[in-house]
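Enquirer: Any chance you can model this:
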Amino acid sequence: MGDWTRGWTRVGQTGPTQHYGRVWEAERELQELTIIESWNDDDSWPGFDADIGCAETTKLAKLEDLGYGAFGRVEKVSYGSVCLARKRIPRRRGFTIDDLRKESLTMQKLDHRHVVKLVATYAPRTHELCLLIWPAAVCNLSTLLEDLEYLRMGEGDREDILERLDALDIKDLSAIEQSSEDQLLHSTTKCPLEFLRNTIGCVARALAYCHQNDVRHLDIKPSNILLKADRVYLADFGVSRDVSGQDQTMTEGVPGTERWRAPELYANNGSSMQLSDIYSLGLVFLNIATVLYNVRLAEFDEALRYPSRNTQEEQLREREQKLNTHLEKLTSHALVTPPFMFTYEGQETVRPRPVVNLIARMITPNPKNRLHAYKIDDKLSMLGGIHQIYHGECCKRPISWVEDKWDKKLTALMSLRKENDRLKQKIAELEGRDRTYESRFQREVDEHKQAVVMLQKKLKDMEDRCHTLEADNAKRRSSTIDAGYASGKASLSAMVSVLSAYPTRAEGLTTTTTSRLNATSE
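Expert: Residues are numbered from 1 along each chain as shown. I've put the predicted structure just below:
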């Protein structure tokens, strides 16, 4: 254990600080680029116009194998004091050396601090093309993410991992290994999580540069992002497209690696190459965020895995659901991870904020809803807070840029506040009118109810009056009939009396009349 842990106080600086390390690395890069420029005057340097079958210069010394890719083998070589990566691309049947030079033509037009630089090409044999690329990286992003996972889990070859991290100038492992003895001694060096956060913005800046120069990468994935101490590079332009002068920048077919490929590339109607790059970059950011927010990489791998025994449409839909579930989990983890513990998604603050919501916009299935690379770069500068934690020192915006952005946000906020006040006043007026209308309506309803009650009462009175009139009418009719009957009977009786005075002829008539009277009486 160091003197500090024994109670001693260290005076002075025993090693390079993070700032001096960055300056030294930047100076070394400039020196190497100056040396590379001088090689054009070296007769043994192949350059870009070497004839096919030219002998490999003896100044190129192979140091080690770096790996194998889909399009060739990569070796670490040195030319003088400068280390390079040599990519050997075998010529496949039906292709010529000029076809293989396609990648070199694309790379030659790119000159950016975060894009690997093609410094020479040559064809030592008729069936092979060699690309000399600067710089030779320590490892790729995929390897670093796995190394950090192994350290957290206490797995893997620790010595090998620490050697790589040391080459990347990552010595403060306190965020990964809480029991690390060196966490106090190396507190001035870069933390691996800080390195990962810086990588996000620098890669976004590199892709924005490529797109602005009409280059579409089409195979963005962690293994194509190379790392050195305080440096990150976008590499492997083997399937990239130069769309300069093209009105349509759509691609057909399925370029790239399936695991990192945008879903629209499986459609038959073509797709935007720019927006397909954004989807792949979003998955890379999701991979980084999984480690940043302390979630297992196995869960990320499962989210990316396509289910078997389903149709392609079902596979894409199910993977989208798994990615959304993974994003939700990262959101909950991010808000309890420093330095995001006191922020929340959508909050306007100068503090750093998580990138989960931005990633969700990058990997949305609908390409039209994705942001362009330059907007992603701007968003990351704002999400990184006043210290721009998602960019390295090389890519941090000037403080004046941040001030301008916040001034615009505050101006927009004030404008929104005024508009909000105006709308509040309008709503209050409308609510007042609404209350007036409701009061008037209620009054009319009450008046209507009263009118209905009065009409119902009048109707009842009229019905009662009708019943009374009908009863009176019935009585009156009955009295009239009885009076008529009595009068008729009296008249007949008088006639009978008269007729009875004439016994001869009136006997029969009298009998008949009497019978009728009796019948009538009955």
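Enquirer: List the residues that contact the nearest residue to Arg319 once chain neighbours are set aside.
Expert: For Arg319, ignoring the flanking residues on the chain, the nearest one in space by C-beta to C-beta, 6 or more residues apart in numbering is Tyr306 at 5.8 Å. Placement of C-beta: from N, CA and C, glycine included. Contact analysis of Tyr306 by C-beta atoms under 8 Å, 6 or more residues apart in numbering lists 258, 315, 318-319.
Enquirer: part of a helix, is Tyr306?
Expert: No. Read with DSSP: H, G, I helix; E, B strand; the rest coil, Tyr306 is coil and lies in no helix.
Enquirer: which residues of this protein fall in helices?
Expert: 18-38, 97-100, 102-108, 141-153, 158-167, 192-212, 273-292, 297-304, 312-334, 356-362, 373-383, 399-499, 503-521 (DSSP state H).
Enquirer: Quick one: low-confidence residue ranges for the stretch 251-400 of the chain.
Expert: By pLDDT under 70, the low-scoring segments of the stretch 251-400 of the chain are 251-255, 268-271, 339-349.
Enquirer: and the two most separated of the contacts of Tyr306?
Expert: Maximum pairwise distance in the contacts of Tyr306, criterion C-beta to C-beta, is 14.9 Å, between Glu258 and Glu318.
Enquirer: More neighbours: which of these two?
Expert: Glu318 (14 against 10; other C-beta atoms under 10 Å).
Enquirer: any idea how far the more buried one is from Ile278?
Expert: Glu318 sits 22 Å away from Ile278, taking C-beta to C-beta, to the nearest Å as the criterion.
Enquirer: for Arg433, same thing?
Expert: To Ile278, Arg433 is 48 Å away according to C-beta to C-beta.
Enquirer: which of these two has more neighbours?
Expert: In this view Arg433 and Ile278 are compared by other C-beta under 10 Å, and Ile278 has more residues nearby, 26 against 10.
Enquirer: just checking, the more buried one touches Lys375?
Expert: No. In terms of C-beta atoms under 8 Å, Ile278 does not count as a neighbour of Lys375; the distance is 9.7 Å.
Enquirer: Next, count neighbours for Leu492.
Expert: So Leu492, with other C-beta under 10 Å, has 16 neighbours.
Enquirer: can you check Ile386 too?
Expert: The number of residues packed near Ile386 is 14, by other C-beta under 10 Å.
Enquirer: ok, it to Ser400 distance?
Expert: In terms of C-beta to C-beta, Ile386 sits 13 Å off from Ser400.
Enquirer: and Leu60, how far is that from Ser44?
Expert: Distance from Leu60 to Ser44, by C-beta to C-beta: 9 Å.
Enquirer: Same drill for the two, tell me which one is more crowded.
Expert: Leu60 (20 against 12).
Enquirer: Strands of the stretch 51-200 of the chain, start to end?
Expert: 60-69, 72-79, 82-90, 117-125, 128-134, 139-140 (DSSP state E, counting those that start in this stretch).
Enquirer: Now do the buried residues in stretch 298-307.
Expert: Across stretch 298-307, burial judged by 16 or more other C-beta atoms under 10 Å covers 300, 303-304.
Enquirer: Which secondary structure element of the chain has the lowest mean pLDDT?
Expert: Ranked by mean pLDDT, DSSP states H and E, the helix or strand of the chain with the weakest confidence is strand 250-251, at a mean of 48.
Enquirer: Might you report the residue contacts of Asp111?
Expert: Neighbouring residues of Asp111 by C-beta under 8 Å, 6+ apart: Lys117.
Enquirer: pLDDT wise, what is it at?
Expert: Predicted confidence (pLDDT) for Asp111: 91.
Enquirer: and what of the one 4 residues further on?
Expert: At Val115 the predicted local confidence, pLDDT, stands at 95.
Enquirer: What count of nearby residues applies to it?
Expert: 21.
Enquirer: how about it, what does it touch?
Expert: Residues near Val115 by C-beta under 8 Å, 6+ apart: 107, 206, 209-210, 233-235.
Enquirer: Look up which residues are beta-bridged to it.
Expert: Counting by DSSP bridges, Val115 is bridged to Leu234.
Enquirer: Tell me the spacing between it and Arg205.
Expert: For Val115 relative to Arg205 (C-beta to C-beta), the value is 10 Å.
Enquirer: One more: Ile220?
Expert: Taking C-beta to C-beta as the measure, Ile220 falls 14 Å from Arg205.
Enquirer: Setting aside sequence neighbours, what's the nearest residue to Thr257?
Expert: Nearest non-adjacent residue to Thr257 (C-beta to C-beta, 6+ apart): Lys221, at 5.5 Å.
Enquirer: show me the contacts for the one you found.
Expert: 142, 256-257, 259-260, 280, 283-284.
Enquirer: I'm done for today, thanks for sticking with me.
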